[in-house]
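>>> structure of the sequence below:
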Amino acid sequence: MSNLERSPQLTISEEPPRLQQPVLEVTSAREVDLGEGTRVRRLLPKRQRSTIGAWCFVDHFGPEDVSAGRGMFVPPHPHIGLQTVTWLLEGEVLHRDTLGNTQLIHPDQLNLMTAGIGIAHAEESPPDHPPMMHGVQLWVALPKRSSSIAPAFDHIPSLPIAETAGARITVIVGELLGERSPAITYSDLMGAEIELRGGSTQLPLRADFEYGLIALSGEGTIEGVTLRVGTLLYLGLGRETFSVNASEPSRLLLLGGEPFGEPLFMWWNFVAHSAEEIERARTDWQEHRRFGDITGFDGAPLEAPPLPPGRLKPRG
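Take a look at the predicted model:
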């Protein structure tokens, strides 16, 4: 999925060192209009926090009734320096990319695309799509040592499940409760969907990871703080366990990882380690270099928006 904003802002991650202790920091999503009536809740990056581990972008979309329309329609667009993670709760999405992959994804399956030095893809609902669309699109920043690797795509139809007394946990990326996802990543991180049945659930955490929680449906309460749809709860570092309470069935997304520790430049659909990388990638896309072509998509590729005025450079 793309960042379809017409005037995307440059985000430069140069956050101060994290406090080596637990915190409870709640931020609200920014509503973003992607056109054609599609709106998403953007939970990362935020002014207060650009990354959680290597997680650097989170869009939560739906639930939306798409029975009367074509549903998702994201034309071909480029990426560098990141991995895209597509996770659905409802609906279907057809992925196409410049490596020649065509893959339909269903709920509880994982599409993981590694952009590396450069890839382009398109995503759309199939013609006979289900009536509802609900899911989340996430980006993982590649560390500098891995940012120029060759592009790749993986579809994982079945992921490990862990059960507790009060929850069913799908391990999307990384490891939790002794279950490990087969997804290949380039930094130490994890992501899991927690399906709460109601009542209290306790999960183990890594003290050297920072964590954040997102409500996908329903709500949960952590240490007296209620997490609702449209908010992100940052938990900080130094936790070995956490407990969540839910009065009704709810679905939460737990994201964690070692603090990223590298400055990042994020603009449009590019994640980079310098302004020059972004400028080169934009020029290459506009001049039809590097990224290749997508076959089978009925529509024109996206044009890159203008760069922000002035030279791209870190604050200060």
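>>> so who does Leu176 touch?
By CB atoms under 8 Å, 6 or more residues apart in numbering, the residues touching Leu176 are 162, 169, 190, 192, 203-204, 254. Placement of C-beta: from N, CA and C, glycine included.
>>> give me the buried subset of the residues you listed.
Those of those that meet the buried threshold are 162, 169, 190, 192, 203, 254, by 16 or more other CB atoms under 10 Å.
>>> before we move on, the earlier item: any chance of the contacts of Leu176 in CSV with distance to Val225, pLDDT and secondary structure as columns?
Listed next are those as CSV, based on distance: CB to CB, whole Å; pLDDT from 0 to 100; DSSP: H, G, I helix; E, B strand; the rest coil:
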residue, distance to Val225, pLDDT, secondary structure
Ala162, 24, 97, strand
Ile169, 21, 98, strand
Met190, 21, 98, strand
Ala192, 20, 98, strand
Leu203, 16, 96, strand
Pro204, 20, 96, strand
Leu254, 15, 98, strand
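>>> can you list those residues in CSV and add distance to Asp154?
Formatted as CSV, these follow (distance: CB to CB, whole Å):
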residue, distance to Asp154
Ala162, 21
Ile169, 21
Met190, 17
Ala192, 18
Leu203, 26
Pro204, 27
Leu254, 21
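>>> quick check, nearest of those residues to Asn111?
Ala192 (16.7 Å; CB to CB).
>>> could you measure from the closest residue in space to Gln202 that isn't next to it in sequence over to Glu219?
Counting by CB to CB, 6 or more residues apart in numbering, the nearest residue to Gln202 once its immediate chain neighbours are dropped is Ser243, at 4.6 Å. Distance, Ser243 to Glu219, by CB to CB, to the nearest Å: 15 Å.
>>> kindly report the same for Phe270.
For Phe270 relative to Glu219 (CB to CB), the value is 34 Å.
>>> looking at those two, which one has more neighbours?
A direct count of neighbours by other CB atoms under 10 Å for Phe270 and Glu219 places Phe270 higher, at 24 against 18.
>>> which residues touch the more buried one?
Taking CB under 8 Å, 6+ apart, one finds 78-81, 277-278, 281-282 in contact with Phe270.
>>> of those residues, grab the buried ones for ChimeraX.
Remark: buried members of these, expressed as a ChimeraX selection using 16+ other CB under 10 Å:
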select :78,79,80,81,277,278,281,282
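>>> quick one: low-confidence parts of this protein?
Within the chain, the ranges that satisfy pLDDT under 70 run 1-19, 34-37, 310-316.
>>> one more time with 50
313-316 (pLDDT under 50).
>>> the helices in it, which residues?
Counting by DSSP state H, the chain has helices at residues 275-286.
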